[in-house]
Structures are given as C-alpha cells and as structure tokens.
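Q: missing the sequence, but the structure's below:
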C-alpha cells in the first residue's frame with residue numbers, strides 16, 4: 001500500500017487503501033465525537049466515494065482519493081481530532 005512519486009509527497013492513495021483504513025479511522029472519529037461508529041463510517045465512506053477520481057478519465061489506473069483534502073473535509077465536518 002505504500003507508493004511514492006518522484007517527490008515522495010503525493011497526498012493520494014487508492015480508494016481500496018482508503019477503504020482498508022476506513023474502520024480504524026471511523027472508530028477513532030466516532031469515539032472522539034461520542035457518535036455511532038456505523039453512522040460515522042457511512043459518512044466517511046460517502047466522502048471517499050464522492051472525492052474519488054480516476055487518472056486519465058478512468059482509462060488508466062485505479063481510483064484515487066486525496067488524503068489531504070479528505071482529512072481537511074473531516075476536520076471541517078467534525079472539528080479538530082482529539083490528541
């Protein structure tokens with residue numbers, strides 16, 4: 001699941017990788033927010049699906065999601081995560 005560009009700074013991961021991490025991320029947000037984990041998971045999954053894009057108009061490569069943009073959207077939606 002680890003990939004890098006020439007710069008090593010690409011903020012994108014595959015949708016598959018995002019889905020792999022979804023349960024862990026949603027559980028943490030749900031605990032911090034004291035909300036139902038299933039509902040939070042559904043909301044985050046919807047964000048992943050909405051923000052997903054495929055390089056070359058789906059002709060080449062896997063669907064990707066920009067993690068930086070997704071994290072900023074989660075922070076805007078839910079507030080700053082607990083330390």
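A: That came through fine. What you see is a predicted model, and the numbers here were worked out from it, not measured in a lab.
Q: which residue packs closest to residue 67, ignoring adjacent ones?
A: Excluding the flanking residues, the one nearest residue 67 by Cβ to Cβ, 6 or more residues apart in numbering is residue 11, at 5.2 Å. Bear in mind the C-beta positions are built from the backbone N, C-alpha and C, glycine included.
Q: quick one: that neighbour from residue 69, how far?
A: Going from residue 11 to residue 69 by Cβ to Cβ, to the nearest Å gives 7 Å.
Q: again, but for residue 47
A: Residue 47 is 10 Å from residue 69, by Cβ to Cβ.
Q: if you count what's nearby, which of the two comes out ahead?
A: Counted by other Cβ atoms under 10 Å, residue 47 and residue 69 do not tie: residue 47 has more neighbours, with 17 against 13.
Q: Other residues contacting the helix or strand hosting that one?
A: Element membership for residue 47 (DSSP states H and E) is helix 37-51. Here helix 37-51 makes contact (Cβ atoms under 8 Å, 6 or more residues apart in numbering) with 15, 18-19, 22-23, 25-27, 29-31, 33, 65-66, 69-70, 73-74, 77.
Q: Of the residues you listed, select the buried ones using a ChimeraX command.
A: A single ChimeraX command is used to select the members of these judged buried by 16 or more other Cβ atoms under 10 Å:
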select :15,18,25,26,29,30,33,65,66,70,74
